[in-house]
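Participant: Return a 3D structure for these sequence lines:
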Amino acid sequence: MHPPLDRPHPDCQAAIDDLHHCHATTSKLRFWGCNEVKFALDQCLKEEKQRLLKEMNKDAEAKRVAEEKAYQKALGKDVSFEEYLKQDKEWNRAREERIKREGGER
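Facilitator: Residues are numbered from 1 along each chain as shown. From the prediction side, this is the model:
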């Protein structure tokens, strides 16, 4: 199943046109008539989606850090929870004991 084709898909417009052409020229009685064209369109749409996701998430880590700082500032705290745990001797000792019991580093 592919997304609606009436929305713009600039990377895949040729594949969309090929599918429309195939549907127009192939008999409706031939059930698998346009499978190869549809598979090519699906692959193109998948690659387009991956590219768009990569573009949208390129600065996700910086956004997460900024949100964490704003959250900590709103709470009136100057260290994050992860930093607090790193400084907590009792938690670190319990973590080391658990790692030794389970027989490996995590």
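Participant: top helix in this protein by residue count?
Facilitator: Using DSSP state H, we find that the single longest helix of the chain is helix 35-56.
Participant: so what does it touch, helix or strand wise?
Facilitator: If you count contacts as 3 or more C-beta pairs under 8 Å, 6 or more residues apart in numbering; DSSP states H and E, helix 35-56 packs onto helix 13-25. Bear in mind the C-beta positions are built from the backbone N, C-alpha and C, glycine included.
Participant: CA atoms only for the worst-scoring helix or strand of the chain on mean pLDDT, dumped as CSV, please.
Facilitator: Across the helices and strands of the chain, the lowest-confidence element by mean pLDDT, DSSP states H and E is helix 81-87, at a mean of 82. C-alpha atoms of helix 81-87 as CSV (Å, rounded to 0.1, in the frame of the first residue of the first chain):
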residue,chain,number,x,y,z
PHE,A,81,19.0,13.0,36.1
GLU,A,82,21.7,11.1,34.3
GLU,A,83,24.4,13.4,35.7
TYR,A,84,22.9,13.0,39.2
LEU,A,85,23.1,9.2,38.9
LYS,A,86,26.7,9.4,37.8
GLN,A,87,27.5,11.4,40.9
